[in-house]
Structures are given as C-alpha cells and as structure tokens.
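Undergrad: Okay, structure incoming, though there's no sequence with it:
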C-alpha cells in the first residue's frame, strides 16, 4: 500500500519505518525540517531500540521518504496515519490544535484529488473528538463527504517507548474504529498477518480504549507502590508480597472483576480495605488510591439511587438482596444499602431474592439485616410476579432466570439494570431500560 504518516515523533517515526519494512511505500510528513532531513539521510529522529537500523534500511531501499508537502503526500498515497501530538494543559484538558491543523491541511489536499483516501487518526484523543471535531473540519476543507468520498478511521497505538518496534510487530491487539466498512478494511490491511486479536468497533469506542489502557496501567503502578509503602513501613519485603499476589492468575491477574457493574460489598472487601487503610495511617503512610476505593464504591451506589429518583416514580421492585448471587449473605451488601436508602426516602419497596428467607438467616448475618432493614419480613415477596405487580420501577441486581424471564414479558416498567442482563445491548434503545455504566 501507499501510506503517508503525519507527525514523525515516537509513534509516527516507528509506524512509518515498520510499515515500510512490511513492504509498503511510505511518506513521512512533518512541519519540522530537521526531522525531514534526518529521515532523508536514513536516520531516525528518535532514540529507540531497533529504530535506527530499521530506518536506515527502509530509506536505503526507497520504501520510506519524508517531506513537508502535505498535498504531495496525499496525492501520492491511499492511506494517511495521523500521529501528531495531543498535549495536555495543566487542568487536564486536551489540546487538539495540531489535529485540527493537519485535518484542515489534509482536507484541502483531498479537494484536489479524485481518488478515495482514508484518513486514520492514531493520536490519542477523547471520545467524540474525531466525529464531532475532526470529521467536520475534513468535510469543510475538502468539500467532500466522509464515508462516501473519503474514509475515516481511528487506530489507537499501544506502543511502549523503548520497545515500540517490537510492540508494532507483536501487538497485544489491534483496534480499528471505523466510520464505514471500507475505511476499516483499509486499516485492517495495514496489519494483516500480525498477531493479536483485531477489534473493529465504532469510532468513539476506539478512542476510549487507549484511555482505559493507560488509566489501568497508572492504577496498577500506583497500587503496587502503595502496597510497597505499607509493607516497608511494617517491616515486610514488598516484592515477596507481590510475588504471591502475581501468582494468582485466576482472580488477581485476569479478567476477573473488570466488567462495569454495581458496587462491591460483602464481609471481606470493605472490611479489609478499611483495615489496610487504618494500618497505613497508623504507620504514617499516605495511600490516596486505597483511601479512595471505598468512596468510589459509594459513588456508584449513589448513581444507582439517582437513576431511581430520576424516574419520578415511587413504587420500586428490587430483585436481589445478597451481596453475591447464589448466597444469602447480606453483610455489607450494596443492595441492602440501596434498599435502606430507598426506604429512608419514602419509596414503596418490595424485594425478591430466591436465596433469602428471613426465617433461615442466622448469626451475624441476621444481626446485620435486623440492624439495617428491621422490617425486611414486610418487604420480601414470595414470587417474582408479586414484585412486578407492585412496581413501576424494577432494579435488577442479579441474573435469576425466573426474574429475567418475567421481565421479558413486561413493557410498562422502567428497568434499571445493575448486572448487564442478556440482551442489554439491544435494550439500550428502549426508553424504559437504563443500564448502569453501559
């Protein structure tokens, strides 16, 4: 393929050299003449493992050249990768000035050419940036229609500085946000044969994936450092602690607990978090991440209550009460907390949980619920139908098959889904359905 790469920093330089090494004809484009001169002489503008040798090879064979001329690059290529910077302001806002400038330049160049060209944004940008800001600029400058006269896609990069060449040829995944199938096809062809799963998704989803990745990486580093600080203060070897943590690939280093849903609860997580934060404070160790996990959990519970309040309806049915499906453990269940708040605000509440029977609750479990919901016996219903007949709003806190089946046949209820019930994606268009976090 014939490809132009706009912006010859880390991402652009590596993308250009690696695509050229895969047999493509690549033109690098940058406003900085120093970078253009370096590429022309076969030298990489950045210091990176393998990039120097790779750049020299592809420039020598003629597979990669560089220019400052946008119109020339667009006229000579089928696909453009946009790799310009999106620097952050002190308040966290994203600067899109470079993106806007290059979109306007490419749009003007597209106006002069009749062949279909696909513009692929690789720069990190917040969801909505491409469709709401950049596509209109491209269309206005070109006088053409995106998805018809030219293609648009978002293709976030997952290259680590220091190992970016290796990461390009062995990616963990390839994400293609496509405006239309033809745009996605053009991007997919760039990476044909490389390992890793390929995700072809709506453009805003692709924009968000890079933020999800980097936020989680930052969270992991912060978490490990706080565990290290507490361990050190307690006289422990933090690396021995984390070696054991990392050995658990079933729960710790795994997809477990990484699906958006309702707040956590139970007899372990809240208690142990409070205990660890208390130990840190006693040792005079600041652990802001760990200190804010429970407040974050509390916010998610508040969001759910606000969804109920926003309906303006007063008769509520709650399906699920225990903190985990398949048990009758009510201790620190967020569903119990939600029920308590609803009752406190005067909502007319009925509850169904197939695993919870008041007469069978014992010990600490019974003591907990008697302290939080002393009139639980008046709220519990013996059947799904009894709750549905009562409710205007149904909160789904579990995936009980009987509950799901009964809700399928109802059309006049507002459903607030805390667990992403089957068919949730299709239900999102239904004004009577509200998903928590999706």
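TA: Arrived safely, thanks for sending. These figures come from a predicted structure and were not determined experimentally.

Undergrad: mind listing the helices in the stretch 151-300 of the chain by residue range?
TA: Remark: helices assigned in the stretch 151-300 of the chain by DSSP state H, counting those that start in this stretch are 164-169, 181-190, 203-233, 238-247, 269-282, 288-291, 293-311.

Undergrad: which outside residues touch the first one?
TA: Pointing back at helix 164-169 there. 10-11, 14-15, 17-18, 48-51, 54, 158-160, 194 (Cβ atoms under 8 Å, 6 or more residues apart in numbering). Any C-beta I mention is one placed from the backbone N, CA and C, and that applies to glycine too.

Undergrad: let's see 6 Å
TA: With Cβ atoms under 6 Å, 6 or more residues apart in numbering as the test, helix 164-169 has contacts from 14, 18, 48, 50, 51, 159, 160.

Undergrad: Which of those scores worst on pLDDT?
TA: Among the contacts of helix 164-169, residue 48 carries the lowest pLDDT, at 86.

Undergrad: ok, that one - contacts?
TA: Residue 48 touches residue 164, counting by Cβ under 6 Å, 6+ apart.

Undergrad: Let the chain start at 58 from now.
TA: Let's use 58 as the start, then, which means that last one is residue 105.

Undergrad: Need the phi and psi values for it.
TA: Phi and psi for residue 105, reported as degrees, to the nearest 10, are phi -160, psi 140.

Undergrad: gap between it and residue 463?
TA: 59 Å (Cβ to Cβ, to the nearest Å).

Undergrad: before we move on, what about residue 158?
TA: 56 Å.

Undergrad: what's the answer for residue 68, then?
TA: Applying Cβ to Cβ to residue 68 and residue 463 gives a distance of 51 Å.

Undergrad: Looking at the two, which is more packed in?
TA: Set side by side, residue 68 and residue 463 show more neighbours around residue 68, with 25 against 18, by other Cβ atoms under 10 Å.

Undergrad: re the thing from before, out of the helices of the stretch 208-357 of the chain, the one nearest residue 151 is which?
TA: helix 260-290 (10.4 Å; Cβ to Cβ).

Undergrad: So which elements touch that closest one?
TA: strand 208-211, strand 230-235, helix 295-304, helix 345-348 (3 or more Cβ pairs under 6 Å, 6 or more residues apart in numbering; DSSP states H and E).

Undergrad: go with 8 Å
TA: With contacts taken as 3 or more Cβ pairs under 8 Å, 6 or more residues apart in numbering; DSSP states H and E, helix 260-290 sits against strand 208-211, strand 230-235, helix 295-304, helix 326-339, helix 345-348.

Undergrad: Give me the buried positions along that helix.
TA: The neighbour-count check on helix 260-290 (16 or more other Cβ atoms under 10 Å) flags 260-261, 263-267, 280-281, 283-288 as buried.

Undergrad: so which pair among these is furthest apart in space?
TA: Counting by Cβ to Cβ, the most remote pair of those is 260 and 288, 43.3 Å apart.

Undergrad: Identify the residue spatially nearest to residue 109, adjacent ones excluded.
TA: residue 101 (5.1 Å; Cβ to Cβ, 6 or more residues apart in numbering).

Undergrad: ok, the one you found to residue 75 distance?
TA: 12 Å.

Undergrad: The two: which has the busier surroundings?
TA: Per other Cβ under 10 Å, whichever of residue 101 and residue 75 has more neighbours is residue 75, with 26 against 23.
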